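Novice: A predicted structure for the sequence below; I have some questions about it.
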Amino acid sequence: QTQDVFTVVRAARKINPQTAQQVRMLRLSGVGLKRESKRYYPGQDLAGQILGFAGLDNDGLDGVEAAFDEELRGGTIQLHGLRDAHGNILLDLESPRLNELVGQSLVLTIDERIQKIAETAIERVSLEFKAKSAIAVVMDPYTGELLALANYPRLNPNRFADSTPDERKNRAVLDVFEPGSVFKPFVYALALDRKLVSPHTPISQDGGKLKIGQHIISDTHTIRDMDAEKVIIESSNVGAYKIAKKIGREDFYQGLRDFGFGERTGLGVAG
């Protein structure tokens, strides 16, 4: 006596409706179709690196998709029922509790219009200056909320497999770079707080050059009658160093920690 053994093999997944219809019209014996859901991003490449993407089984693999996968995915339920000898469901013995399947919604502080403007702007200048990458961050200065977090090159989560790991990288979060002159106001604020300077405390520019060991700190232009306030207004590198020197190394470090530097941002995405 012989017994036939059948093996179910997936030939392809997440094919488009046109391909599915062509397969259906062939009426191939032993070949069937099963409907699946697929994550779709209507914004295409807008905020692609922020959103991230979901895999074949709709599990979050990157961005907020990965960070909040458990909350977005929803739950699973078990239903009791009767099947026939072929495994087909004959009768459900209870009603599905659909509310247990629904995942939570996630609302970002990102403003869609500002995000679009930021992405368009950095793409334009990147192409103009042949830059490999660019980022732009827009924040509400009163609340700290992120209104835009733009990256170039862009990423379309609908076609994430066509992109490289470098293109999928959220540089605005993951890249390390020197803050430069935007750090000077924190130096000035610490010195003011400790009453080491006032706005009009004279600060010598030393001709715009200052040698420290093998390094030379220099300014781009001469600043007449420079004081502590002008160090910030004119962005003097020499002046910023001299103000920091008044604070001292350990107090300077602790002051920056008090500002929140070195702490977790709580941004909500990996990195």
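Specialist: On my side now, so go ahead. Residues are numbered from 1 along each chain as shown.
Novice: what are the ranges of the strands in the stretch 51-200 of the chain?
Specialist: 53-54, 60-62, 81-83, 89-92, 134-139, 146-152 (DSSP state E, counting those that start in this stretch).
Novice: Go through these and name the closest to residue 239.
Specialist: With Cβ to Cβ as the measure, strand 134-139 is the member of these nearest residue 239 (26.8 Å). Bear in mind the C-beta positions are built from the backbone N, C-alpha and C, glycine included.
Novice: that older thread, for residue 24, which of the strands of the stretch 51-200 of the chain is the nearest?
Specialist: That would be strand 89-92 among those, by Cβ to Cβ, at 23.2 Å.
Novice: one step back: who wins for proximity to residue 246 among the strands of the stretch 51-200 of the chain?
Specialist: Closest to residue 246 of the strands of the stretch 51-200 of the chain is strand 134-139 (Cβ to Cβ; 29.7 Å).
Novice: Using neighbour counts, pick out the buried residues of that closest one.
Specialist: 134, 135, 136, 138 (16 or more other Cβ atoms under 10 Å).
Novice: Contacts only, for residue 170.
Specialist: 49, 50, 63, 149, 151, 269, 271 (Cβ atoms under 8 Å, 6 or more residues apart in numbering).
Novice: how many other residues sit next to the third one?
Specialist: For residue 63, the count of nearby residues is 25 (other Cβ atoms under 10 Å).
Novice: How many residues are close by the nearest residue to it once chain neighbours are set aside?
Specialist: Using Cβ to Cβ, 6 or more residues apart in numbering and skipping the chain neighbours, the partner closest in space to residue 63 is residue 52 (2.0 Å). By other Cβ under 10 Å, the residues close to residue 52 number 25.
Novice: Same question for residue 186.
Specialist: Residues near residue 186, counting by other Cβ under 10 Å: 16.
Novice: quick one: the helices in this structure?
Specialist: For the chain, helices defined by DSSP state H occupy the ranges 17-26, 48-51, 63-67, 69-73, 112-129, 165-168, 171-174, 184-193, 228-233, 237-247, 249-259.
Novice: How about the contacts made by the residue positioned nearest the centre of the chain?
Specialist: Closest to where the C-alpha atoms of the chain average out (Cα atoms, centre = their mean) is residue 50, at 3.9 Å. Listed by Cβ under 8 Å, 6+ apart, the contact set of residue 50 reads 63, 64, 108, 110, 149, 170, 269.
Novice: ok, the nearest residue to residue 203 once chain neighbours are set aside - contacts?
Specialist: Excluding the flanking residues, the one nearest residue 203 by Cβ to Cβ, 6+ apart is residue 239, at 4.7 Å. With contacts defined as Cβ under 8 Å, 6+ apart, residue 239 is in contact with 203, 205, 219, 223, 226, 228, 230, 231.
Novice: run the last query once more with 7 Å
Specialist: 203, 205, 226, 231 (Cβ atoms under 7 Å, 6 or more residues apart in numbering).
Novice: residues contacting residue 140?
Specialist: Counting by Cβ under 7 Å, 6+ apart, the residues that residue 140 touches are residue 147.
Novice: Check it and give its pLDDT.
Specialist: We note a pLDDT of 94 for residue 140 in this prediction.
Novice: gap between it and residue 182?
Specialist: As judged by Cβ to Cβ, to the nearest Å, residue 140 and residue 182 stand 17 Å apart.
Novice: Next: residue 54.
Specialist: For residue 54, the distance to residue 182 equals 36 Å [Cβ to Cβ].
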